[in-house]
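Undergrad: build the 3D model from these lines:
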Amino acid sequence: MTSKNFPSADALRARAENIAKSKPRQPESMTPEQMHDLLEEFQIHEIELELQNEELRRSHIKEEETRQHYFNLFHHAPVGYAVLDSAGIIKQANAALGKMIGKESAELHHKAFADFLRPEDSHVFRSRFKSLLNYPDGKSLEVQIASKGISTIHASIHAVPHPRKTSKEGNATEELLLSITDITVQKKAEAQLQEALDSTRQQSQEISGLLKGARAVLEQKGFAQTARLIFDVCRELTGAASGYVALLSDDGEENELLFLEAGGLPCTVDPKLPMPVRGLRAEAYHLNKVVYDNDFMESQWVKYMPPGHVVLNNVLFAPLVIEGVTVGIMGLANKDGDFNENDVKLAAGLGELTAIALQNSRNLEKRQEAEKARERMIQELETALAEVKKLSGLLPICAHCKKIRDDQGYWRQLEAYITSHSEVWFSHSVCPTCAKIHYPDIDIYEEEP
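TA: The predicted model follows:
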């Protein structure tokens, strides 16, 4: 109800005084007509006051309804509200904020709002409070509320200036209204999305690494070079800092080092020293599967380390298996963090690619040896054929002594010429016809029937 509906207090007072002055002060001095008029005036005034009281009651009810409406909006809103004074102390707080913090809203009064935040966020809020108080428009802040008995709540804070209030001393006081929105679900969704993105990115890197290793196997530029490329891919994907690739010796007792990557860590062990198949790597050899230990320096395997060996916080061994037999090993070590089952899958796959490269290399060596043997045989056959060709063609031969004339024009004995142009050797004998002519008295050959 406004001033247009009711006269002001001063106007009512002046009206009452005028009425009093216009009427005699003593009723006994009044005439009956005057008494009648005065009584009528009082009755009208009484009715007017009753009407005014009725309007005041209706106005009070309406104001109470309005107050209750805004009280419900403030306390039962799904968003937390807090009114802070210039020192950051909570003057008012609604039920939603109390629920976030795990307390009744009344318990929050006269407490510093920053005290209900996580320590790291409390420091940020205190450092930015003056800026929020003086220039709140368009500013927001994300914090974590240290709720009691409730998992961490992520909240978004928006500040708006609160109407200035006048203190008892008559001074204007500054206050700040905060709206605190619970964004925990949104944060969890963002975290899950980020996790999915990270997982997708990791899988993409792993697929790219596997394809790179497969491409190296197909190109086959030499086993040592191929093995090093696959090892570097595996080291990058798993996050290992150091490692090596070694092949099993012919006697099956030692590892023959192909190359070693110390990862920038000091190591005084001679790489030419023998590497017996023992300890954890022996497990990989015997089991034909990847094995690892994330606390190697405290494990039972550390006793096999030679003096001066680089410190191994964690190790992983991937076997190189050909036809069910481990013929070599890929070792990885000093990952920043622990090796896990995903590392096992990656190392197993890349170890298999390395084994394929080794098998291809060995097959290639066998093929090259076979080609060399074939080339030698072809050369020998060509030489033999060339020797045979030396005896082909028209040879001049004496009709009486049977000597052969060679390419230089010399006459040579038939047997000498043939021996020099082939691998034939002669031994002297006498045929049956010549035996009868030249040796008639000696029965060299039996008579033919």
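Undergrad: pLDDT weak spots in the stretch 51-200 of the chain?
TA: Counting by pLDDT under 70, the ranges of the stretch 51-200 of the chain that qualify are 148-150, 163-173.
Undergrad: ugh, typo on my part, it should be the stretch 251-400 of the chain
TA: 268, 271, 387-393.
Undergrad: recalculate using a threshold of 50.
TA: Residues of the stretch 251-400 of the chain meeting the criterion pLDDT under 50: none.
Undergrad: mind listing the helices for this protein?
TA: 9-22, 32-75, 95-101, 119-134, 184-219, 223-238, 279-287, 341-390, 414-420, 432-438 (DSSP state H).
Undergrad: how near is residue 293 to residue 286?
TA: Here the criterion is CB to CB, to the nearest Å. By it, residue 293 lies 16 Å from residue 286. Yep, even glycine has a C-beta here, placed from its N, CA and C like the rest.
Undergrad: between those two, which is the more surrounded one?
TA: residue 293 (23 against 12; other CB atoms under 10 Å).
Undergrad: which residues touch that one?
TA: 280, 299, 301, 314, 315 (CB atoms under 8 Å, 6 or more residues apart in numbering).
Undergrad: can you do 6 Å?
TA: By CB atoms under 6 Å, 6 or more residues apart in numbering, the contact list for residue 293 reads 299, 315.
Undergrad: what separation is there between it and residue 317?
TA: Distance from residue 293 to residue 317, counting by CB to CB: 9 Å.
Undergrad: now swap in residue 379 and tell me
TA: Distance, residue 379 to residue 317, using CB to CB: 47 Å.
Undergrad: neighbour count: those two, which is higher?
TA: residue 317 (26 against 10).
Undergrad: gap between the more buried one and residue 350?
TA: Using CB to CB, residue 317 is found at 13 Å from residue 350.
Undergrad: same check on residue 58?
TA: Counting by CB to CB, the gap from residue 58 to residue 350 is 85 Å.
Undergrad: looking at the two, which is more packed in?
TA: residue 350 (25 against 11).
Undergrad: list the buried residues of stretch 275-286.
TA: Buried residues in stretch 275-286, counted by 16 or more other CB atoms under 10 Å: 275, 277, 279, 280, 281, 282, 283, 284, 285.
Undergrad: centre of the chain to it, how far?
TA: 31 Å (CA atoms, centre = their mean, to the nearest Å).
Undergrad: who's in contact with it?
TA: Outside stretch 275-286, the residues that touch it by CB under 6 Å, 6+ apart are 254, 255, 291, 301, 304, 317, 319, 326, 329.
Undergrad: turn those residues into JSON lines, columns for distance to residue 96.
TA: Converted to JSON lines, the contacts of stretch 275-286 look like this (distance: CB to CB, whole Å):
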{"residue": "254", "distance to residue 96": "72"}
{"residue": "255", "distance to residue 96": "67"}
{"residue": "291", "distance to residue 96": "55"}
{"residue": "301", "distance to residue 96": "58"}
{"residue": "304", "distance to residue 96": "63"}
{"residue": "317", "distance to residue 96": "57"}
{"residue": "319", "distance to residue 96": "60"}
{"residue": "326", "distance to residue 96": "64"}
{"residue": "329", "distance to residue 96": "61"}
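Undergrad: now, the most widely separated pair of the residues you listed?
TA: 254 and 291 (18.9 Å; CB to CB).
Undergrad: between these two, who's got more neighbours?
TA: Neighbour count, other CB under 10 Å: between residue 254 and residue 291, residue 291 has more, with 21 against 17.
Undergrad: re the thing from before, from the contacts of stretch 275-286, which is closest to residue 336?
TA: Lowest distance from residue 336 to those (CB to CB) belongs to residue 317, with 18.8 Å.
Undergrad: nearest spatial neighbour of that closest one, skipping sequence neighbours?
TA: residue 284 (4.0 Å; CB to CB, 6 or more residues apart in numbering).
Undergrad: also residue 273?
TA: residue 306 (7.1 Å).
Undergrad: next, count neighbours for the one you found.
TA: 11.
Undergrad: could you measure from it over to residue 297?
TA: 14 Å.
Undergrad: and if you look at residue 380?
TA: Here the criterion is CB to CB. By it, residue 380 lies 62 Å from residue 297.
Undergrad: compare those two (neighbour count), which wins?
TA: Neighbour count, other CB under 10 Å: between residue 380 and residue 297, residue 297 has more, with 13 against 10.
Undergrad: which one of the contacts of stretch 275-286 is nearest to residue 370?
TA: Taking the contacts of stretch 275-286 together and measuring to residue 370 by CB to CB, the closest member is residue 326, at 26.9 Å.
Undergrad: show me what contacts the residue lying closest to that closest one once chain neighbours are set aside?
TA: In this structure, residue 326 finds its nearest non-sequential neighbour in residue 319, 4.1 Å apart by CB to CB, 6+ apart. By CB under 6 Å, 6+ apart, residue 319 lies in contact with 284, 288, 326, 329.
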